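What shape does this take:
(one chain, ligands or ions: 2)
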Amino acid sequence: MEDGSRVVEARKVDLVFETADGPVHALSEIDLEINKGDFISLIGPSGCGKTTLMRVIADLEKPTGGEIKINGMSPEEARLQRAYGYVFQSPALYPWRTVEGNLKLPLEIMGVEKAEQRKRAAEAMEMVDLIGFEKKFPWQLSGGMQQRVSIARALTFYPDLLLMDEPFGALDEIVRDQLNEHFHKLWEQTQKTVVFVTHSIPEAAYLSTKIVVMSPRPGKIIDVIESPLPEKRTLDMRETQEFLELSHRIREGLRAGHSYDWAKYLKWTGSVPHHLFRLQPYSPLPRLSGMQLQSTSILRF
Ligand SMILES: Nc1ncnc2c1ncn2[C@@H]1O[C@H](COP(=O)(O)OP(=O)(O)O)[C@@H](O)[C@H]1O
Ligand SMILES: [Mg+2]
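Ligands and ions are numbered 1, 2, ... in the order given. Okay, the predicted model is just below:
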């Protein structure tokens with residue numbers, strides 16, 4: 001592997017948050033290699049450290065142990081070079097600005113000249129197939145279109161690395177399918193490196209070249225699956241044996257992570273309080289991070 005093609009290299013990355021309730025081991029011994037052009041999905045239950053890992057890559061959190069390099073640099077150097085674009089679950093668009101105004105805002109702040117701002121905004125609009133909607137306000141668009149605007153905004157920086165934290169999590173399944181298909185084509189054309197967080201097994205299986213399964217307390221990687229699927233993907237492919245087998249392996253990993261979690265929990269408490277049985281299978285006792293709290297206020301269309 002040439003040096004130039006390694007985008008992220010994490011070695012034994014640890015992150016412990018000190019909280020009023022004691023330390024929270026959000027990431028434990030994370031070893032991860034992401035190469036140029038990879039589409040990596042991070043999948044796992046709430047609280048397993050997916051957002052924290054993205055934030056470490058983006059230099060929004062500092063690891064308490066281990067080492068991480070982005071394009072061979074420290075995360076801080078990579079951030080200063082604007083090596084990545086970040087897309088959040090909630091589109092986070094400014095309602096008083098038009099779509100075009102939203103796309104240009106970060107470029108304005110970066111001091112990019114006006115003609116260049118227009119050029120980049122137009123290119124990004126074309127990439128997400130939103131030509132003609134430049135003068136609309138975000139609230140005039142559907143949830144799926146708003147999320148495409150937020151992807152376009154990340155693309156205006158010309159990032160090599162796109163960090164996407166559950167970008168389609170709040171959308172209904174049909175819109176999500178459309179965006180998955182569209183975004184996969186966009187990835188094929190641009191060959192960007194993508195790190196994508198999802199809770200959805202079919203989404204991870206459909207989009208990724210590599211799937212990283214995580215488990216909570218402490219947040220760690222329990223399986224890394226190289227996708228056996230061909231690079232060209234269609235939604236119909238989800239019915240194939242290969243796809244079902246891939247989904248099965250992801251599900252098994254998630255299950256293994258859970259039993260581990262419950263075994264530890266039982267050891268700790270000696271019993272399972274009955275109210276826990278009412279929790280969703282993939283959200284055991286989540287402690288909400290700021291981002292998750294923010295993302296609970298999403299509009300659903
Ligand atoms: N800023 C923070 N301070 C304290 N604890 C945090 C902070 N951010 C995240 N955590 C905790 O770290 C763990 C991992 O959180 P997070 O990365 O948000 O998980 P995920 O994105 O997989 O749901 C959780 O237990 C969460 O409560
Ligand atoms: Mg998260």
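
if you average pLDDT over the one helix or strand A256 maps to, what comes out?
For A256, the element it lies in under DSSP states H and E is helix 241-269. When pLDDT is averaged over helix 241-269, the result is 77.

Kindly report the same for stretch 200-218.
Stretch 200-218 comes out at a mean pLDDT of 95.

Okay, buried residues for stretch 17-28 please.
Of the residues in stretch 17-28, V24, H25, A26, L27, S28 count as buried by neighbour count, 16 or more other C-beta atoms under 10 Å. The C-beta positions use only the backbone N, C-alpha and C, and glycine is treated the same way.

List the beta-bridge partners for the second one.
In this structure, H25 has the following beta-bridge partners (DSSP bridges): V16.

Could you give the bridge partners of V194?
F39, L162.

in terms of contact, does it touch D160 like I think?
No: between V194 and D160 there is no contact under C-beta atoms under 8 Å: 10.3 Å.

Which one of those two is surrounded by more residues?
V194 (24 against 20; other C-beta atoms under 10 Å).

Could you report the separation of that one from ligand 1?
17 Å (C-beta to the nearest ligand atom, to the nearest Å).

how deep is E181 tucked in, by neighbour count?
Neighbour number of E181 under other C-beta under 10 Å is 15.

Find the residue closest to it in space, skipping its chain neighbours.
Of all residues not flanking E181 in the chain, L235 sits nearest, at 5.7 Å (C-beta to C-beta, 6 or more residues apart in numbering).

Tell me how far that neighbour lies from E203.
11 Å (C-beta to C-beta, to the nearest Å).

Can you name the residues that contact the residue nearest to E181?
D177, N180, E181, Y206 (C-beta atoms under 8 Å, 6 or more residues apart in numbering).

Ok, R176 next?
With C-beta under 8 Å, 6+ apart, R176 has these contacts: G144, F168, S200, E203.

again with I34
I34 touches R6, V7, V8, E9, I40, T193, V195, K210, counting by C-beta under 8 Å, 6+ apart.

Pull out the buried members of these.
For those, buried by 16+ other C-beta under 10 Å: R6, V7, V8, E9, I40, T193, V195, K210.

Tell me the one of the residues you listed nearest G49?
Among the buried ones among the contacts of I34, V195 lies closest to G49 (C-beta to C-beta), at 13.2 Å.

Close to ligand 1: what parts of the stretch 1-150 of the chain are there?
For the stretch 1-150 of the chain, the residues in contact with ligand 1 (C-beta under 6 Å from any ligand atom) are F17, T19, V24, A26, G44, S46, G47, C48, G49, K50, T51, T52.

What segments of the stretch 1-150 of the chain are helices?
Under the criterion DSSP state H, counting those that start in this stretch, the stretch 1-150 of the chain contains helices at 50-57, 75-80, 99-110, 114-127, 143-155.

Please identify the buried residues of the third one?
In other words, helix 99-110. Within helix 99-110, the residues scored as buried using 16+ other C-beta under 10 Å are V99, E100, G101, N102, L103, K104, L105, P106, L107.

Need the nearest residue in space to the third one, chain neighbours excluded.
In space, not counting the residues next to it along the chain, G101 is nearest to Y94; the distance is 7.4 Å by C-beta to C-beta, 6+ apart.

which residues touch that neighbour?
Taking C-beta under 8 Å, 6+ apart as the test, what Y94 contacts is G101, N102, L105, P138.

That one and ligand 1: what is the separation?
Applying C-beta to the nearest ligand atom to Y94 and ligand 1 gives a distance of 25 Å.

and among the helices of the stretch 1-150 of the chain, the most buried is which?
Scoring the helices of the stretch 1-150 of the chain by mean neighbour count under mean count of other C-beta atoms under 10 Å gives helix 50-57 as the most buried, with a mean of 25.

which residues are in contact with that helix?
8, 10, 13, 15, 26-27, 30, 32, 42-44, 61-63, 68, 70, 75, 84, 86, 161, 163, 165, 195, 197, 214, 219, 289, 291-292.

model confidence over that helix, on average?
96.

For that helix, list the C-alpha coordinates in CSV.
Extracted C-alpha coordinates of helix 50-57, given in CSV (Å, rounded to 0.1, in the frame of the first residue of the first chain):
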residue,chain,number,x,y,z
LYS,A,50,-19.6,5.9,16.3
THR,A,51,-20.1,9.7,16.6
THR,A,52,-17.1,9.9,18.9
LEU,A,53,-14.9,8.1,16.4
MET,A,54,-16.0,10.5,13.6
ARG,A,55,-15.3,13.4,15.9
VAL,A,56,-11.8,12.1,16.6
ILE,A,57,-11.2,11.8,12.8
